[in-house]
Each structure stands twice: as C-alpha cells, then as structure tokens.
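Colleague: Show me the folded form of this:
(chains A and B)
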Amino acid sequence: MSVLLMQLAGPLQSWGASSRFARRSTESAPTKSGVIGLLAAAQGRQRSDDIGDLTELRFGVRVDQRGTLLRDFHTAHRFVSGEALPVSERFYLADAVFVAAVEGEPELIDELHRALRDPVFMPYLGRRSCPPARPVDLGVHHERTLEQALEREQWRAARWYQRRHRNDARIDLEVLLEAAAEDGPVDNLRDQPISFDPLHRQYALRGVRRGSVKVSNPAVRPDHDPTSVLGGA
Amino acid sequence: MHLTRFRFNTARVGARRLLSSPQTLHAAVMSSFAEILPAGDDGPRVLWRIDRTSRAETYLYVVSPAKPDLTHLVEQAGWPETGRWQTYDYEPFLSRLNVGDRWAFRLTANPVHTARRTDQEPTKLTAHVGAYHQLRWLLQRQENAGFKVVEKPSERRLLPEGDQHELIVSDRRQLAFKKTGQRQPVTLVTVTYDGRLEVTDPDALRRTLTRGLGRAKAYGCGLMTLAGA
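Modeller: Sure, this is the predicted structure:
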C-alpha cells in the first residue's frame, strides 16, 4: 500500500458533512468527501463521473493547527433581477492547518500524485471561496501505512504557532482515521462519497477512529544550563 | 574567572524594578564587587545576562574576574531565607576547551551594523531587526570569536536558504529605558541565539566567553555560555 500526503492550509477552510438548507456548518477537520472531491477535480473528472475507485481509498487526517471557528452572515442577490436569495449562515475554520492522507494501490496513488502536481480543476479547501495558501502536495510514501505516514510527517503548523508552543519539545496532535471493521464501536460521519452528481448527491456513513501522534517541535527553545558543565560551587 | 547564577523572585517589586531597566540592573551587578574594577583596557570584564525560561523562572548569569557578592540582589529581588546565589570557578572549564569540541551555546547580543542612506551622510549605528540579518550577524563573527556554528544535515533543513545552521534566534526585544540625567531614552535591540558550535580556536573562544561578543555589554548583551551538546 502507498500513501499520498497533502497539506490543507489556508486563511479559510470549510468542510461540511451534515448541513442542509441555510445553515452551512463545518466539521473541525477535513472530510473524506471533500478531499476525494479535491483529488477527483485535480484529475479532471466531471461531477457525474464514476468515483468508485477513489472512494475505496483509506482516509486519515492529522490536525496540525486547530484554527478558530468563523461564522459568516451570508447574503446574495441574483445578478439580473436583484432578487434576494435566502440569507444563510456559513461557518469556516480560520487559520487551520491539516495533513490529510489517502492510502491505496501504488498505481492509483502515483496517478493522483501526478494529478495533484498538474491539476485540471484547481484545488480548494472544502468550498470554492477557500483557496489553499501553500502547495497541497506533500509527496508519496510507498511501503508505509496511513498511520506511519501521518506519524512521521513533520509538524506543519505555522511558525508563529510553533513558537507559541516553544516550551514543548514534543506536541500531541489529534488524528482521525478511517475505521476498519475490527476497531469496534467508533464515531460515524456521513462523508463517504458515493456520487457527486449535482442531481443526486449521495453520501454513506463512515467510521472514524480518533487517536493521537507525537511530533517534534522545530521551534522548541532548548534547555540551557551552563552550570551543568562546571564543577562544584 | 567566575560564573554566577542568581534566580529572581519575580513576584517581588524589587525584581520587577531591576528587570525593567538594564541600566538599573547594570548598576546592581557592578555594585556586587567590593574592589573597584579596572576600566577601559582589553582585559576580562564583568558580563551579565538574563535568561527567561518562563515568567517564574528568570535567572541572572554573571561572568566576572572577581567573586561577586549578590547579597543586595537577594534582599531586593530574591529569597533571603531560602535562596541565595551560586558562584562557580570558571577557569577549569575554560582551560578544558579543545579544538573540535562541540557545545550547545546561548548568547544574548545586540546585533548592529553601521549604515547611511547617502554617501554624504555620516554613518550611523543601526540595529539589525530581521531574523535573517540577525543570524548573519553572528555567522560573520564566528571565525574571529573562535568557533563555528554546526551545520544542519540537509534533510533537517526547513528552508532552502537561511536555515543551514543549528542556530535559532528567539526573544527579539526592542528595549527603551531612561538613563539618569538624560532626556532621550536609550534604545536597544537584543536577541538571544541558541545553537550548537564547534570549537576552532580555544584561545579566541576563551576571550569571547570572558570579554563578550558585540556591543552593549553593560546592558546584558555579549555574554555567551556553553552547555552540554
């Protein structure tokens, strides 16, 4: 199995899994449907195309920088008639950084990696108005599992965020992994895409297992005790 | 030479008064020596530095030719009953320095250069405010100071340029404090360098450790200390 790693960082992101009508919420981490959609778009698939091969990928995400929730009071008018559209509330994650990973057969992963480096439709972070602030591609790891790849990737939080934690040499990051059958009772999220067809969007439930990994902090302030190398007082 | 460590009790008003002005602290450090110190020549001098590990853990380090008596600091800004200061003999350690040794170091310095905007203008002492130039300031001085900052292996570099060395700049401060009898405040940029070094010239490094590096040595800059790498 191979793993493709992506970093999802931007001023705003929004990952909806359950909202309907005028209140559009966001999950606290990227959804599988959002990331699969990003990859399918990079390959140039149309919304009505079959995405069966992509949905079989195993998905995991690491929360590198949690970000803050932002509520937007959204108004819009039709361009020609000036008629008001329903007022909606839209929620975003501001200033968040995630590392997302998909695990699958090496050929498909390589193909997705090529597509990500030369995308047909531009990637965005959950909503069209949320462009990524950094290159999405973090490379492919062959011979690694999803868990290992997420554990070994360096901490991608912003420098100011790393410096804020400069007294901690190791940082605990939350990971959300796609659960397997043997994991027992887990959380469920309706973000397993079946079809992106605008006439008939369909999502199935997906098990999510929470865990944590430890990464080292590159901005750590080293301990410095000059008296340790001197003799007694 | 002696190295002295004193821990501030930051809950006390006296500690805050001393920590808020390098001018005041300089006077307090200098008055811990009973003999009048020789001034002006190129010999060893009194150097000091504040290390802030956290707000409640603030240390004063002093390197000096004579043994200091910090009783007045303990009374104003320490723990008179339970806490004192430790003075270590620095000579045995200094004589042990050899070419090729690796040490972790910390230095608080005042990185400045001279600049002018036009050819007619007189040059003016100007602080480096960007991290890149502050790093370069130290790297330009390492050879004369008797050490070489250790280079990072390429897989650990985060940036294509400006990240080649095991060196970080932190605690960048712009200080402004009053000097008695002057209306204009003294302004000062200080930064703290943490990194790893390799000794290239033990004599030069001994000079750096006892006489300081860079300017504003009276205001808590220029004292470099080594610790186990």
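Colleague: from here on, contacts and neighbour counts on C-alpha atoms
Modeller: Will do.
Colleague: where does the most centrally placed residue in chain A land on pLDDT?
Modeller: Closest to where the C-alpha atoms of chain A average out (CA atoms, centre = their mean) is A:Pro30, at 3.8 Å. The pLDDT attached to A:Pro30 in the predicted structure is 96.
Colleague: from what I can see it touches A:Ala17, true?
Modeller: No - if you go by CA atoms under 8 Å, A:Pro30 and A:Ala17 don't touch, sitting 9.4 Å apart.
Colleague: Name the residues that touch stretch A:21-28?
Modeller: A:14-19, A:66, A:86-93 (CA atoms under 8 Å, 6 or more residues apart in numbering or on different chains).
Colleague: Just the ones of these in helices?
Modeller: Per DSSP state H, helices hold no members of the contacts of stretch A:21-28.
Colleague: Which PyMOL command selects the buried ones in those?
Modeller: Typed into PyMOL, the line below selects the buried ones among the contacts of stretch A:21-28, using 16 or more other CA atoms under 10 Å in any protein chain shown:
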select buried, chain A and resi 14+15+16+17+66+90+91+92+93
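Colleague: Pull the number of nearby residues for A:Leu12.
Modeller: If you count neighbours by other CA atoms under 10 Å in any protein chain shown, A:Leu12 ends up with 24.
Colleague: so where do the helices sit in the chain?
Modeller: Chain wasn't specified; assuming chain A. Using DSSP H, the helices found in chain A span residues A:32-43, A:52-55, A:106-117, A:146-152, A:159-164.
Colleague: Please refer instead to chain B.
Modeller: B:13-20, B:22-30, B:71-77, B:91-95, B:131-145, B:202-211.
Colleague: Which stretch among the ones you listed is buried most, on average?
Modeller: helix B:202-211 (a mean of 20; mean count of other CA atoms under 10 Å in any protein chain shown).
Colleague: Which elements pack onto that one?
Modeller: Contact partners of helix B:202-211 among helices and strands, from 3 or more CA pairs under 8 Å, 6 or more residues apart in numbering or on different chains; DSSP states H and E: helix B:131-145, strand B:224-228.
Colleague: how far out from the middle of the chain is it?
Modeller: 14 Å (CA atoms, centre = their mean, to the nearest Å).
Colleague: What average pLDDT does that helix get?
Modeller: 93.
Colleague: Give me the contacts around it.
Modeller: With CA under 8 Å, 6+ apart, helix B:202-211 has contacts from B:1, B:43-47, B:63-64, B:94, B:97-99, B:144-147, B:199, B:223-225.
Colleague: among those, which ones are buried?
Modeller: With burial judged by 16+ other CA under 10 Å, the buried subset of the contacts of helix B:202-211 is B:1, B:44-47, B:63-64, B:94, B:97, B:145-147, B:199, B:223-225.
Colleague: so, if you compare those residues, which one comes nearest to chain A?
Modeller: Distance to chain A, by CA to the nearest CA, is smallest for B:Thr225 among the buried ones among the contacts of helix B:202-211, at 5.9 Å.
Colleague: That closest one contacts B:Leu94, correct?
Modeller: No - contact criterion CA under 8 Å: B:Thr225 and B:Leu94 do not qualify, at 10.9 Å.
Colleague: export the helices and strands packed on helix B:202-211 to JSON lines and tack on mean pLDDT?
Modeller: JSON lines is the format used below for these (pLDDT from 0 to 100):
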{"stretch": "helix B:131-145", "mean pLDDT": "93"}
{"stretch": "strand B:224-228", "mean pLDDT": "91"}
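Colleague: I'd like to know which of these is closest to chain A.
Modeller: Chain A sits nearest to strand B:224-228 of all the helices and strands packed on helix B:202-211, at 4.7 Å, using CA to the nearest CA.
Colleague: Mind checking if that closest one is in reach of chain A?
Modeller: Yes - among the residues of strand B:224-228, B:Thr225, B:Leu226, B:Ala227, B:Gly228 lie within reach of chain A under CA under 8 Å from any CA of the partner chain.
Colleague: May I have the helix-or-strand element of chain A with minimal mean pLDDT as PDB, with CA atoms only?
Modeller: Using mean pLDDT, DSSP states H and E, the weakest-scoring helix or strand in chain A turns out to be helix A:159-164, at a mean of 90. The C-alpha trace of helix A:159-164 is given here as PDB (Å, rounded to 0.1, in the frame of the first residue of the first chain):
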ATOM      1  CA  ARG A 159       5.900  29.200  12.600                       C
ATOM      2  CA  TRP A 160       4.200  31.600  15.000                       C
ATOM      3  CA  TYR A 161       2.000  28.700  16.200                       C
ATOM      4  CA  GLN A 162       5.100  26.500  16.700                       C
ATOM      5  CA  ARG A 163       6.800  29.300  18.600                       C
ATOM      6  CA  ARG A 164       3.800  29.700  20.900                       C
END
